[in-house]
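*Asks:* Using only what follows, build the 3D model:
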Amino acid sequence: MTISRQNLSIVVVSFMSEKVIYDCINSISNDIEIIIVDNSNNPTFKEKIQEKYKNVRCILSQENNGMGAGNNLGLKNVKTDYALILNPDVTLEINTIDEIIKASKTIESFGVIAPISNNLNYPNYKADKKLLNDDEFKPFKVKSVDGYAMLLNIKRLKKHKDFKNLIFFDENFFLYLENDDICKRIIKNNENIYIIPNAKVNHLGGSAVDSKYKFEIELSRNWHWIWSKFYFNKKHKGYLFAVINGFPTFTSGIFKLCFYSFFDKEKKKIYLQRIKGYISALTGKKAFYRPKIDF
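*Replies:* Next comes the predicted model:
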């Protein structure tokens, strides 16, 4: 069975994302099912968005466990064979879905296909240059794609032991690198990942959460980036590699913490978060940090 509007669902994980998520939904055809997993657990948001859009179902996650866990929750509620993962600050161009459907018919097999970012300065994929096509409009294989827009071939992937029980994303990641991890495991299972050059998306980047929480989110990002990087390296390359790879960032964080302690309290807090994130990963603690936001 091939991709069609009737055989495709879209999963969006939101967290205090009301200022951007409506643009995301409005860019999607209303004949495609959209499942929103709201990590904010806001019943008012759920009621409002389900009343406004007949093709949208909102699930309150009960607990903010991050992007990976949120995506898994959404995917468990998908009844179609294909699911497009989107961040709430992503919008599709008018023909994006049509181009994805069209291109998928020309690809022999895939685990993931993804649209391409319309910002050429920030490509949403990593690729071996040897595998790139001379034809700039033809789908091409890549090593990984960014998690803000990736379409999973659920029917195909769930046949692999690595993705049993619809646990596609490693829920140990709260934020960052969960997409690199799933792509690495997909390729390990001999499945292909493709970029569709004619299918384009716009990603605002760092705008999924309301700007009034900007500093708290920045603290969270700094903690989780270093934690996720350590965990990713430990998982795929070993503990010693993770320690060595993260140590320069850790020591730089200590230096900058001392430097900014004298005149910039905000930067002091940011670098303290990096240090704490590294130590937590180093000592085997879970990604426990959560932004301190009053709902």
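
*Asks:* Looking at the longest strand along the chain now, give me its mean pLDDT.
*Replies:* As far as residue count goes, and with DSSP state E defining each element, the longest strand of the chain is strand 193-203. Averaged over strand 193-203, pLDDT sits at 95.

*Asks:* Residue 101 touches residue 6, doesn't it?
*Replies:* No: between residue 101 and residue 6 no contact is recorded; they are 11.0 Å apart, counting by C-beta atoms under 8 Å. Every C-beta, even on glycine, is put in place using the N, C-alpha and C of the backbone.

*Asks:* what about those two, which has more around it?
*Replies:* The residue with more neighbours, out of residue 101 and residue 6 and counting by other C-beta atoms under 10 Å, is residue 101; that gives 18 against 9.

*Asks:* which element is the more buried one on?
*Replies:* Residue 101 belongs to helix 96-104 when elements are defined using DSSP states H and E.

*Asks:* Give me the contacts around the helix or strand just after that helix.
*Replies:* Remark: after helix 96-104, the chain's next helix or strand is strand 112-117, criterion DSSP H and E. Strand 112-117 is touched from outside by 92, 96, 99-100, 103-104, 107, 123-125, 139, 145-146, 149-153, 183, 186, 191-197, 199-203, with contacts defined as C-beta atoms under 8 Å, 6 or more residues apart in numbering.

*Asks:* who does strand 112-117 pair up with?
*Replies:* Neighbouring strands of strand 112-117 in its sheet, by DSSP bridges, are strand 149-153 (antiparallel), strand 193-203 (parallel).

*Asks:* tell me the angle that strand makes with helix 96-104.
*Replies:* Angle, strand 112-117 to helix 96-104, by axes from the mean of the first three to the mean of the last three C-alpha atoms, to 10 degrees: 130 degrees.

*Asks:* and strand 112-117, what's its mean pLDDT?
*Replies:* pLDDT averaged over strand 112-117 gives 96.

*Asks:* Quick one: list the elements packing against the helix or strand following it.
*Replies:* Past strand 112-117, further along toward the C-terminus, the next helix or strand under DSSP H and E is strand 125-126. Helices and strands touching strand 125-126, as assessed by 3 or more C-beta pairs under 8 Å, 6 or more residues apart in numbering; DSSP states H and E, comprise strand 144-145.

*Asks:* Who are the contact partners of residue 184?
*Replies:* Neighbour list for residue 184: 144, 236 [criterion: C-beta under 8 Å, 6+ apart].

*Asks:* how about a cut-off of 7 Å?
*Replies:* residue 236 (C-beta atoms under 7 Å, 6 or more residues apart in numbering).

*Asks:* can you confirm it is in a strand?
*Replies:* No: under the criterion used here (DSSP: H, G, I helix; E, B strand; the rest coil), residue 184 is helix, not part of a strand.

*Asks:* Next, find the distance separating it from residue 177.
*Replies:* 10 Å (C-beta to C-beta, to the nearest Å).

*Asks:* Repeat that for residue 143.
*Replies:* Counting by C-beta to C-beta, the gap from residue 143 to residue 177 is 14 Å.

*Asks:* Of those two, which one has the most company?
*Replies:* In this comparison of residue 143 against residue 177, neighbours counted by other C-beta under 10 Å, the higher total goes to residue 177 at 23 against 14.

*Asks:* so that one touches residue 228, yeah?
*Replies:* Yes: if you go by C-beta atoms under 7 Å, residue 177 and residue 228 touch, sitting 4.4 Å apart.

*Asks:* So the residue of the chain positioned farthest from its centre: helix, strand or coil?
*Replies:* Counting by C-alpha atoms, centre = their mean, the extreme residue of the chain relative to its mean C-alpha position is residue 262, 36.5 Å from that point. When states are read from three-state DSSP, the local structure at residue 262 comes out as coil.

*Asks:* any idea how far residue 254 is from it?
*Replies:* Following C-beta to C-beta, the distance that separates residue 262 from residue 254 is 15 Å.

*Asks:* do residue 89 as well
*Replies:* Using C-beta to C-beta, which is the criterion applied here, residue 89 is 33 Å from residue 254.

*Asks:* The two: who's more crowded?
*Replies:* Regarding residue 89 and residue 254, a neighbour count based on other C-beta under 10 Å identifies residue 89 as having more, with 22 against 14.

*Asks:* Verify the stated contact: that one with residue 202.
*Replies:* No: look at residue 89 against residue 202 with C-beta under 7 Å: they stay out of range, at 9.0 Å.
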